[in-house]
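Visitor: Structure for the following, please:
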Amino acid sequence: MGDTQQSDRPTQFRWTVFALACGTSWILYLHRYMFALIKPELKQQWELGSDELGYLDSAFSLCYLIFQVPLGALADVAGAHLILTLLILLWSVGLGLHAWAPSVKALGLARAVLGAGQSAVFACLSRISRTWIPADVRTSVQGMVGVFFGRLGGLTAYLLIGSIVLGVLEVPWRTAVWWLAGFGVAFAFLFAAVFRNSPRQHPAVNERECQLIEAGDDNGNSQLPSRLSFREMFRRMSPRSILNLGCLNLQTILSTLADNIYSAWIPLFLFEVHDLEFRRMGMYSALPLLGGAIGGAAGGFLNDFLIRRTGNLKWSRRAVGLAGKGIAGCLLAVSMLWYDDPQTFCLMLFAVKFFSDWSLTTTWGAVTDIGGRTTATVFAFNNTVATLGAVAAPALYGNVAEHRGWDAVFYVGAAAYIVCAVSWLGFDSTIPVISEERPSE
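Guide: You can find the predicted model right below:
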């Protein structure tokens, strides 16, 4: 009788997969934010301008853009197990190349390899959340994975590596980079050993857990193939769904443009404007990312709460996105009143990122809403289009900082948030990218 009761209970392995996804997001941002930390060193040692550093960031974003679509689509075909393992290995090698680079050209190569390795990671994680996480908590989980642990990774880079390793312990930055690259390689092997593409492929998952995960989804009833070319996707789309996807793309571009300030420029801003050393620079730079981590998690729970409470998917997504970006834009403009006080200014940026990133979780949920069985491909397309903002932002902010001053950088970011908020009014999560054909009953 005891064995029967035990077999009737769902296993809990989906939470192990959740932990792996969180770890992947954390390490990805830990590695990505390292370049922002070492910019002051590069500027002094190699006599680079902010505009030149911006072009190096654009090399990362350009390769991110180029490889995201094919690798995101490949994840739909080959599965996240193989593709994500290879991506973690590739980006870890790219990070290690930063420490090896003997010249600016070699550093540009390192940025390109890192960008290619990180290009389709979130497309894979989006697919993992759809495959392994029940629909009723999926947005909350996506918020934890994509936003909370992502921002936590950036915070760890600034606070642990910047303030403690580089600041207090005075470890050479190249040595710290080698350590992090080796850690990434070790995590790739752990992921490969533990993860499988679906619950039904994993020996640690029983039938009850499979049924629990699949409840509320209709993956088994669609005649639509799991992977479409982009040409075929647009051929199947209606004008209304194209316009709807375009609104989602626009807000993601503008969000990416604004958020580049925190991922690439805050440490250099604090170094140049306020003459802060690594110890304080890392602490203050971490404050906005802490706000983003909390906001991302809060946004996921807020999305799921509103959807359950109102039953209105369209306005639940729209309201969270509009409010988050709108409040962030207004707060960023107001924070300029404390521009000359780095501690208070970064505390204000904590609030800015809190509201900005609670709507970032909404984007993840929105992609899952409209993507259906081709979620990874749709996510890759949205993120690829958004990478246009990531390609433009470093060159834009680098030139603005170099020729107009750092205060202008933050005003540009505030304007991007406001327009991003307005774009949410044109998006409807109930309009699928493709209306899937169903067999007659």
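
Visitor: Where do the helices of the stretch 1-150 of the chain begin and end?
Guide: For the stretch 1-150 of the chain, helices defined by DSSP state H, counting those that start in this stretch occupy the ranges 2-8, 14-32, 34-45, 50-78, 80-100, 104-118, 121-132, 138-142, 149-156.

Visitor: what does the helix or strand just after the last one rub up against?
Guide: Where DSSP states H and E defines the elements, the next helix or strand beyond helix 149-156 is helix 173-194. For helix 173-194, contacts defined as Cβ atoms under 8 Å, 6 or more residues apart in numbering pick out 16, 20, 23-24, 27, 30-31, 34, 37-38, 41, 81, 84-85, 88-89, 91-93, 95-96, 98-99, 161, 165-166. No exception for glycine: its C-beta is placed from N, CA and C like everyone else's.

Visitor: which parts of helix 173-194 are buried?
Guide: Within helix 173-194, the residues that count as buried by 16 or more other Cβ atoms under 10 Å are 173, 176-178, 180-181, 184, 187-188, 191.

Visitor: how about low-confidence regions in the stretch 151-300 of the chain?
Guide: Within the stretch 151-300 of the chain, the segments meeting pLDDT under 70 span 216-229.

Visitor: Next: the stretch 1-150 of the chain.
Guide: 1-7.

Visitor: can we see that at 80?
Guide: 1-8, 69, 73, 76, 136, 139-140, 142-143, 146-147 (pLDDT under 80).

Visitor: sorry, back to before: Serialize the helices of the stretch 1-150 of the chain to TSV and add fields for distance to T362.
Guide: Below are the helices of the stretch 1-150 of the chain laid out as TSV (distance: least, Cβ to Cβ, whole Å):
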stretch	distance to T362
helix 2-8	36
helix 14-32	17
helix 34-45	26
helix 50-78	20
helix 80-100	23
helix 104-118	22
helix 121-132	14
helix 138-142	8
helix 149-156	15
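
Visitor: what's the angle between the helix of greatest length in the chain and helix 149-156?
Guide: The residue-count maximum for a helix in the chain (DSSP state H) belongs to helix 278-310. Inter-element angle recorded for helix 278-310 and helix 149-156: 160 degrees (by axes from the mean of the first three to the mean of the last three Cα atoms, to 10 degrees).

Visitor: immediately after helix 278-310, which helix or strand?
Guide: helix 313-335.

Visitor: quick one, that following helix and helix 278-310 angle?
Guide: Direction vectors for helix 313-335 and helix 278-310, defined by the same axes, to 10 degrees, enclose an angle of 150 degrees.

Visitor: mean confidence score for helix 313-335?
Guide: The average of the pLDDT scores along helix 313-335 is 94.

Visitor: Now the element after that helix, going C-ward?
Guide: helix 342-371.

Visitor: CA atoms of stretch 91-100 as CSV?
Guide: Taking C-alpha atoms only, stretch 91-100 is exported to CSV below (Å, rounded to 0.1, in the frame of the first residue of the first chain):
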residue,chain,number,x,y,z
TRP,A,91,30.8,31.5,-24.2
SER,A,92,33.1,30.4,-21.4
VAL,A,93,35.9,30.1,-23.9
GLY,A,94,35.0,33.5,-25.2
LEU,A,95,35.3,34.9,-21.7
GLY,A,96,38.7,33.3,-21.2
LEU,A,97,39.9,35.0,-24.5
HIS,A,98,39.3,38.4,-22.8
ALA,A,99,42.2,37.5,-20.4
TRP,A,100,44.4,36.3,-23.3
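
Visitor: got the helices of the stretch 1-150 of the chain as TSV, with mean neighbour count columns?
Guide: Formatted as TSV, these follow (neighbours: other Cβ atoms under 10 Å):
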stretch	mean neighbour count
helix 2-8	8
helix 14-32	21
helix 34-45	20
helix 50-78	21
helix 80-100	22
helix 104-118	20
helix 121-132	26
helix 138-142	25
helix 149-156	26
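
Visitor: Now find how far off-centre stretch 23-41 is within its chain.
Guide: From the chain centre to the centre of stretch 23-41 is a distance of 13 Å (Cα atoms, centre = their mean, to the nearest Å).

Visitor: ditto for stretch 388-405
Guide: Between the centre of stretch 388-405 and the centre of its host chain there is 20 Å, according to Cα atoms, centre = their mean.

Visitor: what's the answer for stretch 77-84, then?
Guide: Distance of stretch 77-84 from the chain centroid (Cα atoms, centre = their mean) equals 19 Å.

Visitor: Same question for stretch 346-359.
Guide: 15 Å.

Visitor: cool, stretch 276-289 as well?
Guide: Using Cα atoms, centre = their mean, the offset of stretch 276-289 from its chain centre is 21 Å.

Visitor: Can you point out the buried residues in that stretch?
Guide: Within stretch 276-289, the residues scored as buried using 16+ other Cβ under 10 Å are 276, 278, 280-289.

Visitor: Figure out which of the helices of the stretch 1-150 of the chain is closest to A366.
Guide: Checking the helices of the stretch 1-150 of the chain against A366 by Cβ to Cβ gives helix 138-142 as the closest, at 9.2 Å.

Visitor: ok, R9 - contacts?
Guide: With contact set as Cβ under 8 Å, 6+ apart, R9 has these partners: R208.

Visitor: Please enumerate residues in contact with stretch 382-396?
Guide: Residues from elsewhere that reach stretch 382-396, judged by Cβ under 8 Å, 6+ apart: 51, 53-58, 61-62, 64-65, 68-69, 72, 122-123, 245, 248-249, 252-257, 260, 264, 363, 367, 412.

Visitor: let's see it at 6 Å
Guide: Stretch 382-396 has contacts (Cβ atoms under 6 Å, 6 or more residues apart in numbering) with 54, 57-58, 61-62, 64-65, 68-69, 249, 252-253, 256-257, 260, 264, 367.

Visitor: residues touching the residue lying closest to G282 once chain neighbours are set aside, list them.
Guide: Distance criterion Cβ to Cβ, 6 or more residues apart in numbering; nearest residue to G282, sequence neighbours excluded, is G162 at 2.8 Å. With contact taken as Cβ under 6 Å, 6+ apart, G162 is in contact with 37, 278, 282.

Visitor: Tell me how far the first one lies from D275.
Guide: With distances taken as Cβ to Cβ, to the nearest Å, L37 is found 16 Å from D275.

Visitor: now swap in G282 and tell me
Guide: 15 Å.

Visitor: Check S255 too.
Guide: As for S255, its distance to D275 is 31 Å (criterion: Cβ to Cβ).

Visitor: Please report how far S119 lies from A323.
Guide: 31 Å.

Visitor: leaving aside the residues next to it on the chain, what's closest to I431?
Guide: Nearest non-adjacent residue to I431, counting by Cβ to Cβ, 6+ apart: N244, 4.6 Å away.

Visitor: Secondary structure element holding that neighbour?
Guide: helix 239-264.

Visitor: residues making contact with the helix or strand following that helix?
Guide: Following helix 239-264 in sequence order, the next helix or strand is helix 266-274 (DSSP H and E). Helix 266-274 has contacts (Cβ under 6 Å, 6+ apart) with 36-37, 39-40, 276, 281, 284-285, 342, 406.
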